[in-house]
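K.L.:
Sequence and predicted structure below; questions after.
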Amino acid sequence: MSSSLEKLKALTSRLEDKLVQKEKVSPVVSPEVQEVKTSEKKPLLKPVKKVEEICDNVREENIIRVKQLYEKLKIYEKSPDFDKVFLYKAMNLSGIGLKEEDFGKVREGKYIQVIAITYEPDKNGKKKAKNISLGYFGKAETLENTLKNEIIEFVLRWRYEKTFQNVEHYKDLIARVETPADTLIKI
């Protein structure tokens, strides 16, 4: 699981780098307007999106695509409420590699499944990981390439949205710390 976390961190880092590069390519003249040079002598002005707006758009597009794949892959059969899909702690894939060295390769003789991971208390009250199959897609050898790509995309996009949710959580916590001390909850 740590390699999946490392991949997610690497993906997030690459996305942040691309956003920074995008800002460098299109410098902001003012917070809301950027001059666009044309073949004519007078410049045109067009609105420039702020980084937060870009991130919101990326997130909105991602969640739309996750929902499409949720329906197409029939994940709703095992998890009927789309919003509750994000309550799982993690999501993985059996039968298809997601590590850098075997990304997208099917494992011969294995069965393809989307696996959600949750933590539930055992009889002693200790939290224990529990795997829940959200989708079964048969033997690896019989899997069509298009379906394989959609399954991989669903898991990766789910992880991407989960990352956004975690970032929001930490933003909220930081905002609480930055609030004057007399308004913090006292214990």
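P.N.:
It's in.
K.L.:
just checking, what packs against the helix or strand harbouring residue 166?
P.N.:
Following DSSP states H and E, one finds residue 166 within helix 145-178. Here helix 145-178 touches helix 2-25, helix 51-72, strand 90-94, strand 111-121, strand 127-139, going by 3 or more C-beta pairs under 8 Å, 6 or more residues apart in numbering; DSSP states H and E. Placement of C-beta: from N, CA and C, glycine included.
K.L.:
I'd like the ones you listed as a markdown table, with mean pLDDT appended.
P.N.:
Converted to a markdown table, those look like this (pLDDT from 0 to 100):
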| stretch | mean pLDDT |
| --- | --- |
| helix 2-25 | 69 |
| helix 51-72 | 83 |
| strand 90-94 | 92 |
| strand 111-121 | 91 |
| strand 127-139 | 91 |
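K.L.:
Now the helix holding residue 166: buried residues?
P.N.:
Buried positions in helix 145-178, judged by neighbour count with 16 or more other C-beta atoms under 10 Å: 148, 151-152, 154-164.
K.L.:
Pull the distance from it to the chain's centre.
P.N.:
3 Å (C-alpha atoms, centre = their mean, to the nearest Å).
K.L.:
got it, and stretch 86-104?
P.N.:
Worked out by C-alpha atoms, centre = their mean, stretch 86-104 lies 12 Å from the chain centre.
K.L.:
distance between the ends of it?
P.N.:
23 Å (C-alpha to C-alpha, to the nearest Å).
K.L.:
the inter-axis angle of the helix holding residue 166 versus strand 127-139?
P.N.:
Interaxial angle of helix 145-178 relative to strand 127-139 (axes from the mean of the first three to the mean of the last three C-alpha atoms, to 10 degrees): 160 degrees.
K.L.:
Now do helix 145-178, average pLDDT.
P.N.:
If you average the pLDDT over helix 145-178, you get 89.
K.L.:
So what's the residue count around residue 93?
P.N.:
Residue 93 has 20 neighbours, counted by other C-beta atoms under 10 Å.
K.L.:
so who does the closest residue to it other than its chain neighbours touch?
P.N.:
Distance criterion C-beta to C-beta, 6 or more residues apart in numbering; nearest residue to residue 93, sequence neighbours excluded, is residue 155 at 5.1 Å. Residue 155 sits next to 91, 92, 93, 98, 114 when contact means C-beta atoms under 8 Å, 6 or more residues apart in numbering.
K.L.:
so how many other residues sit close to the residue lying closest to residue 150 once chain neighbours are set aside?
P.N.:
Take residue 150 and drop its neighbours on the chain: the residue closest to it by C-beta to C-beta, 6+ apart is residue 69, 5.8 Å away. The local packing of residue 69 (other C-beta under 10 Å) involves 18 other residues.
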